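Trainee: sharing a model prediction with you, sequence too.
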Amino acid sequence: MAKNTICLWYDRDAEAAARFYAETFPDSAVGAVMRAPGDFPDGKQGDVLVVEFTVAGVACIGLNGGPAFKQDEAFSFQISTDDQEETDRYWNAIVGNGGQESECGWCKDKWGVSWQITPRVLMEAMAAGGGEAKRAFDAMMTMKKIDVAVIEAARRG
């Protein structure tokens, strides 16, 4: 187990979420699946309690803690993409499996975890500053899933 690990609270589906992430993103895997040694408020002895997993190289654990706490946009994974094909693949995997679209490259998976699917060209435009950043930013503000061609055109002016 990593020294610093992100803990994500799920109602009951931490293992399913971890397996979905491992199937969807490179450098992702499911590690140990730990079962409850006794009954707990939202589960029984033997239920999956904690799942160790990695998402795009980031160490995480999923805790099946019950319905007390919900995911929100205050936490998100940001996945950098190289082109429209990669952007579409991740976006469609998340949204197409019970997730939902949001604005400016954000979406949520079916467990409520927020994802930013961010083409590198957008971040490069923002880092460039000035008019290029403003044009790319203005274009992004009109989008749900980021359209790489539109961002590239906005960068050029």
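Mentor: Everything's here; your move.
Trainee: quick one, domains of this structure?
Mentor: 1-67, 71-157 (automatic domain parsing).
Trainee: in CSV, list these along with mean neighbour count and mean pLDDT.
Mentor: Placement of C-beta: from N, CA and C, glycine included. Converted to CSV, the domains of the chain look like this (neighbours: other CB atoms under 10 Å; pLDDT from 0 to 100):
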stretch, mean neighbour count, mean pLDDT
domain 1-67, 16, 96
domain 71-157, 16, 98
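Trainee: and the strands in the protein?
Mentor: Assigned by DSSP state E, the strands in the chain fall at 6-10, 29-35, 48-55, 58-64, 76-81, 100-101, 106-108, 114-119.
Trainee: reformat those as JSON lines; add distance to Ile146.
Mentor: Below are the strands of the chain laid out as JSON lines (distance: least, CB to CB, whole Å):
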{"stretch": "strand 6-10", "distance to Ile146": "24"}
{"stretch": "strand 29-35", "distance to Ile146": "27"}
{"stretch": "strand 48-55", "distance to Ile146": "20"}
{"stretch": "strand 58-64", "distance to Ile146": "21"}
{"stretch": "strand 76-81", "distance to Ile146": "8"}
{"stretch": "strand 100-101", "distance to Ile146": "12"}
{"stretch": "strand 106-108", "distance to Ile146": "10"}
{"stretch": "strand 114-119", "distance to Ile146": "5"}
